[in-house]
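Q: pasting the sequence and the predicted coordinates here, then a few questions.
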Amino acid sequence: WSLEEAAAPYAGTTVDVVFLLRPGYEAAEAMIPEFTEKTGIEINITKLPYENALGEQVRDFVAGGDLDIALIDLVWIGNFAENEWIVPIDKFTSNPDLADPELDIDDFFPLVLNAFGGWNGTIYGLPFDNYSGLLFYNRCMLEEAGFDGPPETWDAVMNEYGPALTKDGKYAYALQSKRNETQSADSFARMLWPFGGSFLDENFRSNLMSAESQAGLKFRQNLMQYMPEGIVSYDHAETVNALAQGDVAFITEWSAFYATLKNPETSQVTDCLGIAPEPMGPAGRKPALGGFSLAVASQADEDEQAAAWLFIQWVTSKANAETYLRKGGVPARQSVYELPGIAEEFDFVPALVESWQDGVPEFRPRFAEWPEITEIVQEWGTKMMLGEVTTEEGAQEIGTRMEAVLDQAGYYSGEKPLAQ
Amino acid sequence: MAQVTLEGVNKHYGADQALFDISLDIPDGAFAVFVGPSGCGKSTLLRSIAGLEGISSGRIAIGGDDVTAVAPSDRNVAMVFQSYALYPHMSVRENMDFGMKVNGFDPQTRAARIAEAARILQLTEYLDRKPGQLSGGQRQRVAIGRAIVKQPRVFLFDEPLSNLDAKLRIQMRVELETLHRELGATMIYVTHDQVEAMTMADVIVVLNGGRIEQVGAPMELYHRPATEFVAGFIGAPSMNFLDVEPGGGAVAYRGVPLGTRALETAPARAGIRPEHVALAAPGAGLIDVTVRVKEALGGESYLYTRTEAGDEIVVRADGETEIAPGDTVGLGFPEGRLHFFARDGARVGV
Amino acid sequence: MAQVTLEGVNKHYGADQALFDISLDIPDGAFAVFVGPSGCGKSTLLRSIAGLEGISSGRIAIGGDDVTAVAPSDRNVAMVFQSYALYPHMSVRENMDFGMKVNGFDPQTRAARIAEAARILQLTEYLDRKPGQLSGGQRQRVAIGRAIVKQPRVFLFDEPLSNLDAKLRIQMRVELETLHRELGATMIYVTHDQVEAMTMADVIVVLNGGRIEQVGAPMELYHRPATEFVAGFIGAPSMNFLDVEPGGGAVAYRGVPLGTRALETAPARAGIRPEHVALAAPGAGLIDVTVRVKEALGGESYLYTRTEAGDEIVVRADGETEIAPGDTVGLGFPEGRLHFFARDGARVGV
Amino acid sequence: MSSRVPKRTLFSFIGPSILALALVGIGPLIYAVWTSLHFFNLTKLRQVEFIGLDNYAHVLTDPIFWDAMGRTFLLLGIALPLQIAFGLGIALLLHQPGIGFLKTLTRLALVLPMATTYAVVGLLGQVMFNIKYGVVNQLLGFVGVDPINWIGDPANAFYAVVFWDVWQWTPFVALVLLAGLTTVPPEIEEAARLETRSWWKVLRYVQLPFLLPGLVAVLILRTADTLKLFDMVFTMTRGGPGNATEFISILIQRVGFRAFDQGLASAQAVILLVITIVLSQLYIRVFYKEVR
Amino acid sequence: MSARAPGQGRGLAVQAALLCLILIFCVFPFYWMVTTSLKTQLIALQEPPAWIFSPTLGNYTEVLFEDGVGRTLINSLIIAVSTTLLAVGLGAPAAYALARFEFRGKKDLWFWFITNRMVSPIVLALPFFLIVRHLGLLDTHLVLILIYLTFNLPIVIWICTDQFRAIPYDLDEAAILEGASHWRIFRSICLPLAMPGVAVSAIFSFIFSWNELMYAIVLTRNTAKTAPAMAVSFMEGYNLPYGKIMATSTLIVVPVLIFALIASKQLVRGLTMGAVK
Ligand SMILES: Nc1ncnc2c1ncn2[C@@H]1O[C@H](COP(=O)(O)OP(=O)(O)OP(=O)(O)O)[C@@H](O)[C@H]1O
Ligand SMILES: Nc1ncnc2c1ncn2[C@@H]1O[C@H](COP(=O)(O)OP(=O)(O)OP(=O)(O)O)[C@@H](O)[C@H]1O
Ligand SMILES: [Mg+2]
Ligand SMILES: [Mg+2]
């Protein structure tokens, strides 16, 4: 089997795909000429901001458009899969003409493959652009305050690091909480899980009123005293910048911001930058989990599907993982991180690898209803933080509205399996 | 052939009626002047002939063709608007050129006609100005120029010279008369100027309150006004009127017999023009009057006098007359100069 | 006290100059009339006094106060615009009311003044119409009404009666004179009408090409015009001019001596008004002329005659004269009636 | 003031516009009305069904919708008067004779706010109103005002939106009114200037009647546009914090494109359209009847 | 006016002051945008904000040469210019008809035109998308041009109708008598006189189509992608390269300014100068 041979029937086919404007995609883009040269398959990229990527793809699939590959954020997978807009990979892995013998599906971090590419036990997509929440910290500030390392637990953040580092207009910590996906994914969920809370219980009823969930939310509320004013208007940019400017001592952010924080053009703290896994809560580490997979779109015709698969398989392959990493992407291949020197060269690797060992795929539920639910969480989550409602009132509201959405979707009537 | 004929034209503005049953025949090549008090319907009539104003009933024909329903642009008339209606964004030249251009005249003709009109109207040095940079009289001349370059069958002028000074006015008058002769076009002219009306008109149409009072040649109107209104309207200063009653075999003013002729119908009022009243020494005339005001115009003077009964009589005197306000003078009314009118205003007698 | 004083006023429009060094003193309560050919700067001068037009240099004072930099509204002047400038969205009543309303007059006064003005101007029945529904003359009267209800110190009238018929015009003239007397306000009046100028003015200002030609009482201008321009401009039809040269002990026209007086400076032109030319039988006058055109105005006629040398002389004749075009008549020039002008236009002799 | 003309002439003038708008405008609108009568969720297209006026009933009884509506009208009620007041002032200032160069410059500058992409204005808002690195707080600091949490505090965020709306759209009002002022014949203004110095009276009695058409235009267009206001808020606050800036269009977008419930969103939009039309008619009745 | 109008001495100073204030108010955010575009991310987000810094053109080179903003600018230009021409070309005659002709249903027609402006694009976007996709016109200039007509035509029609109405009807009458057709009058007399209104509506039309985002995002992808869509596409949610966004925005504003510069000459003229008494 060789790529060239496998691709020979599809030379000249054009594969349409949506890319985001992020480092991982630039890395892939840089690799594409090589693929095209080998296969004669053209990759036609539409670059979209994250904000528009979902709407654009949904519209395209609804209208039976041109897209041959779906780019799937982990929270979209349920939606895409249930609408059968994407094709399970076994259609291709079972086809010897297309399946690369070296595919080695088990080399992907299982958590990542499962969360990004899998839905309800079926694998649809291969992890492509992968993130984990990490703790980025300003080593110099910490040392100055007498700490010899980053906080290991959220409890330490609250009781030791917080009070010690919040002074002179500087703050210990900043938690991006703007009212958009940031609020639900980065702020709300981040404090829910480590304290043992969750969005839903096993019956798909709201679990936000549980003692654990409430503990997490109250903790967040409490911790705001060590965060800059107006934290509810902080998006990633503001938070990363706060660390980059030396205004806060540490932040919990996506691994992807490593580049920003390491770049002297965008950061003043390159020399002091430290990276660690997110702090642990009573329930363990449970870091934020995010990322994208690529899956073959079912609306594509057979040739396009085959070509699309070949591309997905190639770009996420074990063989290309190092190139991808070096060009700025974050592959989800375990093998690449075991290569000698990689851990030293890329500071974030150890923390990342550790984060991907232990996490919850349903960090944010991944079913089709998430888009509706995240809107509810965003609204009431910020209201909570602003003190407009108590954590109980807010949780109650979110719970009621969330259940209404789920009810309408047919989970309670048994029409739908309780998958998230 | 551009005879203009109106038959029973009525015009309403909502509830108001501006024209009442106007029937009129202006022969081809004639110079007709519309006169009448402000608001009597002169502009409305002119605009109706141009087709700019739809008429409520009646019929209008130009050159024998019924144009009542014909579009204004197809009537081949040119009009000078009372409001000028110049195109503010076009220079004087372009203003004049526009009509010819849209009618596809060739450039030479256009240039020649504009040059000629500008010369006549003394606008040559203003050809490149915009209307906003012109004085009132200059604008008015541009409006005239726009009409004459078109050389239409019928010209409609709405007070075209009202903003010009006396000297220019006379020049323009002569130019328009020349134009009239040369082009042989029918011209209909609205004016408030007595001199213009009298000197230019072949026929004067006197309008009053939307109705025609009299149609006739200037001298006819002057000498034999058909109604008291016309008598008072034609001639400046206007005719003096005195209430009269039968007496002394003829008619008498407050007991003083005026003339000797008896009239079929007993007249209610006698009229005599200021220029026809004879001045005499006190007691030497028919009646004595006191001079209240004297208006000296240079070449002549007007005496505003009052009779004992309190009636006002205006008398034209010589420019050098020695008579002064406060003097008493005698007045004579030469019999041939008297006009008589019945109570309803109609002329009485010959 | 509303004496109007101008000192060295110049006004430029870009490269063009509309007013040249105008200095003028109009006494309090005077009735000044500006006359001059179209485009000579009358409106510009009026607008400068009103403050609507900034002047390029010079000084304007009203009632002794320098108002050169004072806003128009603070000059307490009222103006009747040549273009009327009525507020199109306001009824006639509101148009007149506006000035009083914004200046805080009480409602009774306002209503009373409007009623009075409407009566004078014969607008009572049009009070509730909008300007768009009025005839040209009616609009002009509204513009006058707007000025008079304000009872300002100084009135500025820009050809206020040009769109009115002769009869109404005379009535209006009298009304304005009455108003002038009653209010004692200073009035400045632009007109093209000789009669208006002669009869209404205390002082006439003759403008020509942006410059003052002469300032004086009407009769002074008529009898002793300072320049040939004034002589030709005042009086209608205008003065006849003949080229003359020294001869026969005095001055001579083509060898025919005119008068007997010798003049200090040798004049280049002689002038005589149509009304002063004496008609005589052929051969009985100074020169013989041929009548080309006769304009009969009723009360008088004008004869357009031509000398043998081809000069035109206009002669006023009786309204009933028998002389007809083509006739030859003799003309006499009474010596006291002759005006003489030097080559540069200045008056020569007494 | 107007005339009857042959149908052919009339149609040659007006037909192309009618055709263009009918072709481009009506189809999608009908489609939207159709969806509003259905359960129509983009991600659940298999469940599309006709549900009559259910969506409408849902919208009309939904407090969130009315909250957003109320907020939108509050914005309108604050921003529009400010825009009209400032816009009118600017238009009058530019209409006055005076320093020509400065006026030309200002006229050009007026275009800047409008010309700035609306979404970028929101981002600019984030930069300038940021509590930390925002220049607004810095400037306020110069005059001794403590840093204000503009975007993070619900009350302030609303006013930040008001500020930008006023900044961006006052020039629009100013230009429309300036065009209106050019329709006032100069000599009429002069006549009024002879009577009074007060610019207010000239404005009120002489210029206003000429401005009314423009003002009504501004009222209607600004109302419609405020009800549609989306880009700027979306990029600046995204409706937050809390729902302090969740205006009606943000809500509709959320329902239609985030939650993908096009049926509900269409119903909301149709109701919005009806409200806009009713309001516009009201404006016309109240202010425009004389002119028209 | 060559000489100052009287009573303006002090007024002039006040006017100058006010104009400067307006100028600053309008320009300051723009100024901040431009300077931000010349800053690196680090300086852009520095506290306190930097007024003096060493500017870099890096953002510009990046957006122009790497991200292809130039191409999107050209797309925007094609779309905005075409829309404006079309809107004015269709709208001005319609406005003239509404102002000058008498016909049944005039008011309703006028209102219907205006109503088009009121429809929220958020909801029309999807129907449009489906229809356009069906016609295979997705990602073409034509589609945006046509759709932008729906909200620009009403503006043009509105503003121009009022302008035409303000032109004295006498002028039309004079031209009718000269034998000019209605189209000729429209073109030679009324259109030039209505220029202030036409210019304003053209500026608006240009700006509205130039800055439109919702339809641009939904209906274009690559070929016809517009500059604003490009500008916001930098805000990918996880990172906000302010410098690049502001650089693109600055590039977006420049053509509008040029257009406005051309059009704004027309903004000032009095309509009826010397036309009628
Ligand atoms: N805005 C302007 N720009 C340039 N020239 C102008 C302007 N306004 C007037 N003029 C010129 O200034 C001169 C004087 O104009 P003005 O209106 O004062 O004349 P006028 O004496 O009132 O004439 P008329 O009797 O015809 O009304 C004219 O030659 C005119 O062309
Ligand atoms: N649009 C209109 N609506 C109502 N009445 C009108 C309208 N236009 C004119 N009128 C009235 O019709 C009558 C005749 O007007 P017209 O303009 O014909 O008068 P005119 O004889 O030209 O007067 P002037 O000599 O003052 O110009 C006037 O009484 C006028 O008020
Ligand atoms: Mg008239
Ligand atoms: Mg004048």
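A: Sure, I can see it. Ligands and ions are numbered 1, 2, ... in the order given.
Q: what's the neighbour count on residue D:155?
A: 10 (other C-beta atoms under 10 Å in any protein chain shown). Yep, even glycine has a C-beta here, placed from its N, CA and C like the rest.
Q: longest single helix anywhere in chain E?
A: Determined from DSSP state H, the single longest helix within chain E is helix E:69-100.
Q: sketch out the low-pLDDT regions of chain E for me.
A: In the predicted model of chain E, residues E:1-11, E:47, E:235-239, E:264-277 satisfy pLDDT under 70.
Q: quick one: the helices in it?
A: Ranges of helices within chain E are E:9-37, E:41-44, E:58-61, E:69-100, E:106-115, E:121-135, E:141-166, E:169-177, E:182-185, E:191-193, E:195-211, E:214-219, E:227-233, E:242-264, based on DSSP H.
Q: the ones you listed into JSON lines, with extra columns for distance to ligand 3?
A: Listed next are the helices of chain E as JSON lines, based on distance: least, C-beta to the ion, whole Å:
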{"stretch": "helix E:9-37", "distance to ligand 3": "40"}
{"stretch": "helix E:41-44", "distance to ligand 3": "70"}
{"stretch": "helix E:58-61", "distance to ligand 3": "66"}
{"stretch": "helix E:69-100", "distance to ligand 3": "23"}
{"stretch": "helix E:106-115", "distance to ligand 3": "30"}
{"stretch": "helix E:121-135", "distance to ligand 3": "53"}
{"stretch": "helix E:141-166", "distance to ligand 3": "23"}
{"stretch": "helix E:169-177", "distance to ligand 3": "12"}
{"stretch": "helix E:182-185", "distance to ligand 3": "23"}
{"stretch": "helix E:191-193", "distance to ligand 3": "24"}
{"stretch": "helix E:195-211", "distance to ligand 3": "31"}
{"stretch": "helix E:214-219", "distance to ligand 3": "55"}
{"stretch": "helix E:227-233", "distance to ligand 3": "57"}
{"stretch": "helix E:242-264", "distance to ligand 3": "40"}
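Q: nearest to chain B, out of those helices?
A: helix E:169-177 (3.8 Å; C-beta to the nearest C-beta).
Q: wait, does the closest one make contact with chain D?
A: Yes: counting by C-beta under 8 Å from any C-beta of the partner chain, chain D is contacted by helix E:169-177 at residue E:169.
Q: which strands and helices sit next to that helix?
A: strand B:77-80, helix B:92-102, helix E:182-185 (3 or more C-beta pairs under 8 Å, 6 or more residues apart in numbering or on different chains; DSSP states H and E).
Q: using PDB, write out every CA atom in stretch D:137-150.
A: Only the C-alpha atoms of stretch D:137-150 are listed here, as PDB (Å, rounded to 0.1, in the frame of the first residue of the first chain):
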ATOM      1  CA  ASN D 137     -10.200  55.100  31.300                       C
ATOM      2  CA  GLN D 138      -6.800  56.600  30.800                       C
ATOM      3  CA  LEU D 139      -8.300  59.800  29.500                       C
ATOM      4  CA  LEU D 140     -10.800  59.800  32.300                       C
ATOM      5  CA  GLY D 141      -7.900  59.200  34.700                       C
ATOM      6  CA  PHE D 142      -6.300  62.500  33.500                       C
ATOM      7  CA  VAL D 143      -9.400  64.300  34.800                       C
ATOM      8  CA  GLY D 144      -9.400  62.400  38.000                       C
ATOM      9  CA  VAL D 145     -12.000  59.800  37.300                       C
ATOM     10  CA  ASP D 146     -11.300  56.300  38.700                       C
ATOM     11  CA  PRO D 147     -11.100  53.500  36.200                       C
ATOM     12  CA  ILE D 148     -14.600  52.400  35.200                       C
ATOM     13  CA  ASN D 149     -15.400  48.900  34.400                       C
ATOM     14  CA  TRP D 150     -17.100  49.600  31.100                       C
END
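Q: how about residue D:188: what's its closest non-neighbour residue?
A: residue C:85 (5.2 Å; C-beta to C-beta, 6 or more residues apart in numbering or on different chains).
Q: for burial, what's the neighbour tally of the one you found?
A: Per other C-beta under 10 Å, the neighbour tally for residue C:85 reads 25.
Q: thought it was touching residue D:193?
A: No: the criterion here is C-beta atoms under 8 Å, and residue C:85 misses it with residue D:193 at 10.6 Å.
Q: pretty sure residue B:148 sits against residue B:100.
A: No: with contact defined as C-beta under 8 Å, residue B:148 and residue B:100 do not form a contacting pair (11.2 Å).
Q: what's the separation between residue B:198 and ligand 3?
A: For residue B:198, the distance to ligand 3 equals 20 Å [C-beta to the ion, to the nearest Å].
Q: tell me which helix or strand that residue sits in.
A: If you go by DSSP states H and E, residue B:198 is part of helix B:194-200.
Q: pLDDT wise, what is residue B:96 at?
A: Predicted confidence (pLDDT) for residue B:96: 91.
Q: tell me the confidence at the nearest residue to residue B:284 once chain neighbours are set aside?
A: Nearest non-adjacent residue to residue B:284, counting by C-beta to C-beta, 6+ apart: residue B:330, 4.5 Å away. In this prediction, residue B:330 carries a pLDDT score of 91.
Q: and stretch B:76-84, how far apart are its ends?
A: Distance across stretch B:76-84, first residue to last, is 19 Å (C-alpha to C-alpha, to the nearest Å).
Q: does any bit of that stretch sit next to chain E?
A: Yes: for stretch B:76-84, a contact with chain E is found by C-beta under 8 Å from any C-beta, at B:77-79, B:81-84.
Q: how about the helices in the stretch 1-150 of chain D?
A: Counting by DSSP state H, counting those that start in this stretch, one finds helices in the stretch 1-150 of chain D at the ranges D:7-21, D:27-36, D:54-60, D:63-95, D:100-115, D:118-128, D:135-142.
Q: what residues does the strand or helix carrying residue A:111 touch?
A: Element membership for residue A:111 (DSSP H and E) is helix A:110-112. Helix A:110-112 is contacted from outside by A:127, A:130, A:289, A:291, A:332, A:356-359, A:361, using C-beta atoms under 8 Å, 6 or more residues apart in numbering or on different chains.
Q: in the stretch 101-250 of chain E, which residue sits nearest chain B?
A: Taking C-beta to the nearest C-beta, chain B has its nearest neighbour within the stretch 101-250 of chain E at residue E:178, 3.3 Å off.
Q: for the helices of chain E, give me a markdown table that also has mean neighbour count and distance to residue B:253.
A: Output for the helices of chain E, formatted as a markdown table (neighbours: other C-beta atoms under 10 Å in any protein chain shown; distance: least, C-beta to C-beta, whole Å):
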| stretch | mean neighbour count | distance to residue B:253 |
| --- | --- | --- |
| helix E:9-37 | 17 | 66 |
| helix E:41-44 | 22 | 103 |
| helix E:58-61 | 18 | 101 |
| helix E:69-100 | 23 | 59 |
| helix E:106-115 | 17 | 63 |
| helix E:121-135 | 21 | 88 |
| helix E:141-166 | 25 | 58 |
| helix E:169-177 | 23 | 49 |
| helix E:182-185 | 19 | 60 |
| helix E:191-193 | 20 | 61 |
| helix E:195-211 | 26 | 66 |
| helix E:214-219 | 24 | 91 |
| helix E:227-233 | 26 | 92 |
| helix E:242-264 | 22 | 75 |
